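Engineer: give me a model of this one.
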Amino acid sequence: MFQHITVLLEEAVDGLAIKPGGIYVDCTLGGAGHSERIVSQLSGGGRLIAFDQDDAALDNARVRLAPYMDRVTLVKSNFRYLEEMLLTCDVPTVDGVPQVDGILFDLGVSSPQLDEAGRGFSYNHDAPLDMRMDQGGALTAYDIVNSWEEREISRILHVYGEEKFARSIARKIVQARENAPIETTGELAELVKTGIPAAARRTGGHPAKRSFQALRIAVNDELGAEEDALEQAVKCVGQGGRISVITFHSLEDRICKQLFASYVEKCTCPPDFPKCVCGGTGKLRLVNRKPIVPTEQELEVNPRSRSAKLRVAEKL
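Structural biologist: Okay, the predicted model is just below:
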């Protein structure tokens, strides 16, 4: 069973300002919580298109969304192909670009992926090193750990995991694999520990957390996919439509914040001008200036939501 507690459910869907007859896209189907909330607000003329590259998520959605399947289209794809796949879904287009009324992203890894030991996402379960969200993907965590150069392993741990001891951990990994391949998450977690000073291991949660995050992001090219998809979302949402984005760590949030900011109207007139004459125009309006975060009540029910941030923008 695909057990998943949806994060910022009401806030993210409310941010889309659902129109009953509109077309909406859930780029990250996951446990289908957001999708169910969206489609339950649609009338017979409305439509939901939901993306996921995980077969387990798609199978779960067919059950959970069964009462609404007459207005649901499930798409097995990485959301970085958003525009291309929407063109296959028979949605209206303007100048060849598909147009929808709202797009939602709930980034990161879902709870079922973390909790299913065999997927190799978690340092809490000993399992083969995998970490692929799409089980048909070519690159695995095993490949990175056992074949990438020390310098490149260090780079991804530092950049994607913001790991202070990236160089030391990468060195331990390379030294260990000279004797035998590193096969499991348990082996890797122990190696990461040895690369972090004892004093640092006593604070900040599990010592392997940042390294496992970094490897997962690298295996699935999560940040590259996010940038690609958000750029396409700005093109594919129609006038007055909205984009809701939930992120779970600073790198994801920074990409979203900066991309939204790049499309917001900017006036370059001197501050003492009585009105704007520069003609500066933008494509987006920020619905919330600061990110929305989980309430204390939500944190009590779902501690994994602690790092979540929601940003919403509207197409001008």
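Engineer: ok, and residue 300, which helix or strand is that part of?
Structural biologist: helix 296-301 (DSSP states H and E).
Engineer: can you point out the buried residues in that helix?
Structural biologist: residue 298 (16 or more other C-beta atoms under 10 Å). All C-beta atoms are positioned from the backbone trio N, CA, C, and that covers glycine.
Engineer: what's the mean pLDDT across that helix?
Structural biologist: Average pLDDT, helix 296-301: 88.
Engineer: touching that helix from outside, list them.
Structural biologist: The set of residues external to helix 296-301 that reach it, using C-beta atoms under 8 Å, 6 or more residues apart in numbering, is 5, 7-8, 305-306.
Engineer: among those residues, who's most crowded?
Structural biologist: Using other C-beta atoms under 10 Å as the neighbour criterion, residue 7 leads the contacts of helix 296-301 with 25 neighbours.
Engineer: isn't that residue right up against residue 244?
Structural biologist: No - counting by C-beta atoms under 8 Å, residue 7 does not reach residue 244; the two are 11.7 Å apart.
Engineer: next secondary structure after the longest strand anywhere in the chain?
Structural biologist: Secondary structure of the chain per DSSP state E: the longest strand is strand 237-247. The helix or strand immediately downstream of strand 237-247 is helix 250-263, counting by DSSP H and E.
Engineer: how deep is the residue lying closest to residue 92 once chain neighbours are set aside tucked in, by neighbour count?
Structural biologist: The shortest distance from residue 92 to any non-neighbouring residue, by C-beta to C-beta, 6 or more residues apart in numbering, is to residue 99 (5.1 Å). Neighbour count for residue 99, taken as other C-beta under 10 Å: 18.
Engineer: relative to residue 192, how far out is residue 47?
Structural biologist: 45 Å (C-beta to C-beta, to the nearest Å).
Engineer: between the two, who's got more neighbours?
Structural biologist: Taking other C-beta under 10 Å, residue 47 and residue 192 do not tie; residue 192 has more neighbours (26 against 21).
Engineer: quick one: contacts for that one?
Structural biologist: Neighbour list for residue 192: 123, 169, 172, 207-208, 211 [criterion: C-beta under 8 Å, 6+ apart].
Engineer: what's the mean pLDDT across the host helix or strand of it?
Structural biologist: In this structure, residue 192 sits in helix 185-194 according to DSSP H and E. On average, the pLDDT along helix 185-194 is 95.
Engineer: what of stretch 139-157?
Structural biologist: For stretch 139-157, the mean per-residue pLDDT is 97.
Engineer: which other residues reach it?
Structural biologist: Outside stretch 139-157, the residues that touch it by C-beta under 8 Å, 6+ apart are 120, 128-132, 163, 166-167, 169-171, 173-174, 177, 181-183, 188, 210-211, 214-219.
Engineer: what's the answer for stretch 99-106, then?
Structural biologist: Here stretch 99-106 has contacts from 6-7, 12-13, 16-19, 22-28, 30, 34, 38, 49, 79, 82, 86, 91-93, 226, 229-230, 233, 236-238, 240-246, using C-beta under 8 Å, 6+ apart.
Engineer: just the ones of those in helices?
Structural biologist: Using DSSP state H, 12-13, 34, 38, 82, 86, 226, 229-230, 233, 236 are the members of those that sit in helices.
Engineer: export the residues you listed to TSV and tack on neighbour count, pLDDT and distance to residue 105?
Structural biologist: Shown next, in TSV, are those (neighbours: other C-beta atoms under 10 Å; pLDDT from 0 to 100; distance: C-beta to C-beta, whole Å):
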residue	neighbour count	pLDDT	distance to residue 105
12	25	96	9
13	24	96	13
34	28	96	10
38	25	98	13
82	28	98	10
86	24	98	14
226	24	96	8
229	23	97	7
230	24	98	8
233	25	98	8
236	24	98	13
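Engineer: output these as TSV; include the columns distance to residue 152.
Structural biologist: Output for these, formatted as TSV (distance: C-beta to C-beta, whole Å):
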residue	distance to residue 152
12	35
13	40
34	35
38	40
82	29
86	34
226	21
229	25
230	26
233	30
236	34
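Engineer: which one among those residues gets closest to residue 310?
Structural biologist: Residue 310 has its nearest neighbour among the ones in helices among the contacts of stretch 99-106 in residue 12, at 5.6 Å by C-beta to C-beta.
Engineer: pLDDT score for the closest residue to that closest one other than its chain neighbours?
Structural biologist: Distances taken as C-beta to C-beta, 6+ apart put residue 244 closest to residue 12, at 4.6 Å, once the chain neighbours are dropped. Residue 244 is assigned 98 on the pLDDT scale.
Engineer: residue 117 too?
Structural biologist: The model's pLDDT for residue 117 equals 68.
Engineer: got any ranges where the stretch 51-200 of the chain has weak pLDDT?
Structural biologist: Where the stretch 51-200 of the chain drops to pLDDT under 70, the residues are 110-117.
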